[in-house]
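Peer 1: only geometry, no sequence info:
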């Protein structure tokens, strides 16, 4: 910049941005996710933000959502021509696995927390720039079914540890529903899946019509398909209810078994604010899922899913080797932005500082800075007041930021160091090489409330 | 994706990507930087990745480096028309401060660790996508000189804690050199600054010629300007040497004083692998620096600077309010990529896992998973072997990933849990609710070596 930035800028729709206190919440959520993923041995990967357009456009339906990059002064044979920003973390993972396959160990268990971009029309829950957290397990040529149980358990653990409104993770298995539909005598289960997916929108009668008219099922077949979808997955005996429908197919048995195992693995994370349920309606539309499918929802976000994923038999292939996988994506921006906007999640201070060291006068900068150094040496986040204003003003400086403690170095009047808890007003003598705040005050805390706080 | 990704992709030049072990190094560096920044009370900010083009192009010289975004199927009146990816974190900070000024507390102390993009021709040290770590202190209308000392100290601390080859932080002060040049009788110090900046390239004779021919200095003035540039800033008595040159100007005194203070603040971080020196040659070309200027270099990167910054009197202005600031940017990608590529920095394992729990047979999955859960409950990163292969193969699975411990749950043959350190071969009885590895094994470690390890 050769001249300063002037005028008040306006926000760009679809590109949310957080204030420092809100950003602390996002950081805490990302830290918590990362800690859980690493505790389960998942390694971190970040991919470049761009992929060749031909790869981004393989999935036809997203073609209008891709942001293409162009250098402002591009050469005609620009090496970057034909690259765009990734719209998810699955396409980059597939490319990363193929490109680096020789240097990766399989099964490859990675997490990836990164921004994505989609040129969608911005609206509630739809952003043009957003952060996702993905976990995947990728095999080479084969991947044990157990991997489905594992990613379910890891994401369930991760979600259950977040300070969130009650969250439900819905599980289903494509084999279960496809096996059931085949057992009912349906030729193309995909058509049934697409119809049942509209149950919330069209109701039973509407879906029955679709099944009969479009998928060419008999009314009896249509009713049996609807009977499966209407089983209450929150009932622990849902499997018995499925069997009671009298449909038989080996794929159905396999799917029921796999779903029970995944539920069992994830069930360890159940708590007041998190539960995992079977949901025989969800199929996650996309054709490439072949086993477990996931969808996570919270009451705070209505019907909108905040995490989703499943098992795919071929994430990638280089012609000779195929890489099957299973994974879940969590939409961090989609999850947090509405909660932050409504004040349902907040941090209890706007800076990491636990202590503000006052500046008794301009000549005491070196002394105050030395106190701060000694506190930091023991892990206490500390800042020094920016100017030697009246103590009342320096205390208000701390108060505005939510810094709980103000430190007074010795002056002519006082011969000792003192520290004041500005919430209680308590002020005591303290040793800069020994004093510790209560552990709860050491770092900013995330405050979750059920009612908006502001 | 309706069909799997096929074929071996090729890397995109200028978009570096890390393997999991390398990414662990990057993460450790980012974590360390963040910890130091937060210990000093700096809050985290992330801005959106895009800015309006008119703002990105204010600094004319970067116009050919900007990546413009376009939606593949853009409307004619697209709201996104005219946005590009940010090429640094200073332009976004200026906009963020103006946009959110009413909700920020000043002086506003923030750090920002984020990706930037430049459409430059890729070469050693120049990337099209890279990560930067910036710290800045922004005032409203005014900012104490002490802020220069503070950012110097914080970045010096942050750099000194990284596992890096010896790093030198060069400091200068624009007031010092401008005051000196004014004291010598120069009308336009900027011309002298630009000429002296070429000292490494042109040598004394070349710069003297520039000063006389282009800046219209007398030969005596030119020699006095060169005398300042040639003072050895690593000599703690450099200030006396400057004064011995017999030039007097109040701005020179102010600058010398400020430089001494900044050196003193940063000097607390000096160690075997980090030192801070005065360097009366650097001016960081850009016109908007007005006080302290910084440049960090390592031997491993030659003359290339890996961090840079300074004081600017007007980061932004909305017409009525001006926001002065001081800040430093650290080029994380520029710093790490060559060291990682040459094997000078590495992690001692490729996964976070400290323990691999073996799978004695297929029926013992639940039992092995339960052991893993108990270890994780005490903070030990643990994974379960993917298949019930022979134990030798399961141990090799751990070895390939660098996992130090393999856990054997009880089987028919053994009635106890046992854990084996696969580096020493030692195998002992262990309690899944009590065993702890030595602290040094709990997390992956960063290994720095002076000679390439691979």
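Peer 2: On my side now, so go ahead. Predicted model only: the values in this text are computed from it and were never measured.
Peer 1: make it CA atoms for all contacts and neighbour counts henceforth
Peer 2: Will do.
Peer 1: Report the contact partners of the residue of the stretch 351-454 of chain A found nearest chain B.
Peer 2: Across the stretch 351-454 of chain A, the shortest distance to chain B (Cα to the nearest Cα) belongs to residue A:381, at 3.9 Å. Neighbouring residues of residue A:381 by Cα atoms under 8 Å, 6 or more residues apart in numbering or on different chains: A:352, A:353, A:354, A:355, A:375, A:442, A:443, B:38, B:39, B:40, B:41.
Peer 1: before we move on, what about residue A:307?
Peer 2: Residue A:307 makes contact with A:294, A:295, A:296, A:297, A:328, A:329, A:330, A:331 under the criterion Cα under 8 Å, 6+ apart.
Peer 1: rewinding a little: distance of the residue of the stretch 351-454 of chain A closest to chain B relative to residue B:167?
Peer 2: 25 Å (Cα to Cα, to the nearest Å).
Peer 1: same question, residue A:193
Peer 2: Residue A:193 is 61 Å from residue B:167, by Cα to Cα.
Peer 1: Would you map the strands across the stretch 301-450 of chain A?
Peer 2: With DSSP state E, counting those that start in this stretch as the criterion, the stretch 301-450 of chain A has strands at A:307-317, A:322-331, A:345-347, A:355-357, A:382-384, A:405-408, A:418-421, A:427-429, A:446-448.
Peer 1: quick one: contacts for the closest residue to residue A:24 other than its chain neighbours?
Peer 2: Nearest residue to residue A:24, sequence neighbours excluded (Cα to Cα, 6 or more residues apart in numbering or on different chains): residue A:347, at 6.4 Å. Taking Cα under 8 Å, 6+ apart, we find residue A:347 in contact with A:21, A:22, A:24, A:25, A:444, A:445, A:446, A:447.
Peer 1: Next step: the residues you listed restricted to helices.
Peer 2: A:21, A:22, A:24, A:25 (DSSP state H).
Peer 1: Pull the number of nearby residues for the first one.
Peer 2: One way to gauge burial is a neighbour count; for residue A:21, by other Cα atoms under 10 Å in any protein chain shown, it gives 24.
Peer 1: what does the model give it for pLDDT?
Peer 2: If you check residue A:21, the pLDDT there is 95.
Peer 1: Spit out the contact partners of it.
Peer 2: Taking Cα under 8 Å, 6+ apart as the criterion, residue A:21 is in contact with A:346, A:347, A:348, A:349, A:350, A:351.
Peer 1: ok, 6 Å please
Peer 2: The neighbours of residue A:21, taking Cα atoms under 6 Å, 6 or more residues apart in numbering or on different chains as the test, are A:347, A:350.
Peer 1: how close does it get to residue A:126?
Peer 2: In this view, residue A:21 and residue A:126 are 23 Å apart by Cα to Cα.
Peer 1: One more: the last one?
Peer 2: When distance is defined by Cα to Cα, residue A:25 is 20 Å away from residue A:126.
Peer 1: Report how many residues lie close to the closest residue to residue A:427 other than its chain neighbours.
Peer 2: The shortest distance from residue A:427 to any non-neighbouring residue, by Cα to Cα, 6+ apart, is to residue A:420 (4.1 Å). As a burial measure, residue A:420 scores 20 neighbours (other Cα under 10 Å).
Peer 1: With mean pLDDT as extra columns, can I get the strands of the stretch 301-450 of chain A in JSON lines?
Peer 2: Shown next, in JSON lines, are the strands of the stretch 301-450 of chain A (pLDDT from 0 to 100):
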{"stretch": "strand A:307-317", "mean pLDDT": "91"}
{"stretch": "strand A:322-331", "mean pLDDT": "96"}
{"stretch": "strand A:345-347", "mean pLDDT": "94"}
{"stretch": "strand A:355-357", "mean pLDDT": "98"}
{"stretch": "strand A:382-384", "mean pLDDT": "97"}
{"stretch": "strand A:405-408", "mean pLDDT": "98"}
{"stretch": "strand A:418-421", "mean pLDDT": "98"}
{"stretch": "strand A:427-429", "mean pLDDT": "97"}
{"stretch": "strand A:446-448", "mean pLDDT": "90"}
